[in-house]
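Engineer: only geometry, no sequence info:
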């Protein structure tokens, strides 16, 4: 499912216009972005949690030239699936 499919499903299920549903989805995503940018954590019970992991710099290899390069430190979002979602997916329900 992509963002436009999510907007469409929300508008049909809740009887909203496409614009209202798009605004709600955008508001939720903006809240997620802001929280993760500020180093926060997002937990949705029964679904999973999002955190930002910090990775230090390291020496990597350029696959094209084979030479070594310095990779700068970075932050990446990480999702950990919740127990209930994992069980639902595995049971096929």
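Structural biologist: In hand now; what should we look at? All values derive from a computational prediction rather than experimental measurement. Numbering: from 1, shown residues only.
Engineer: so how far is the longest helix anywhere in the chain off the chain centroid?
Structural biologist: Among the segments of the chain that qualify as a helix by DSSP state H, the longest is helix 18-37. For helix 18-37, the gap between its own C-alpha mean and the chain's C-alpha mean amounts to 12 Å (CA atoms, centre = their mean, to the nearest Å).
Engineer: can you tell me the average pLDDT over it?
Structural biologist: Taken as a whole, helix 18-37 has a mean pLDDT of 96.
Engineer: Other residues contacting it?
Structural biologist: Under the contact criterion CB atoms under 8 Å, 6 or more residues apart in numbering, helix 18-37 has outside partners 3, 6-8, 10-11, 14, 16, 41-42, 50-52, 77. For every residue, glycine as well, the C-beta is placed using N, CA and C.
Engineer: remind me which residues of the chain are low pLDDT?
Structural biologist: For the chain, the stretches with pLDDT under 70 are 92-93.
Engineer: Please repeat the previous calculation with a cut-off of 90.
Structural biologist: Within the chain, the stretches falling below the threshold (pLDDT under 90) are 91-93.
Engineer: can you pull out the helices in the chain?
Structural biologist: When assigned using DSSP H, the helices of the chain occupy the ranges 3-14, 18-37, 83-91.
Engineer: quick check: angle from the longest one to helix 3-14?
Structural biologist: Here helix 18-37 runs at an angle of 120 degrees relative to helix 3-14 (axes from the mean of the first three to the mean of the last three CA atoms, to 10 degrees).
Engineer: Please point out which parts of helix 18-37 sit buried.
Structural biologist: Along helix 18-37, these residues count as buried under the neighbour rule (16 or more other CB atoms under 10 Å): 21, 22, 24, 25, 36.
Engineer: quick one: terminal-to-terminal distance for stretch 70-86?
Structural biologist: With CA to CA, to the nearest Å applied, stretch 70-86 spans 37 Å between its terminal residues.
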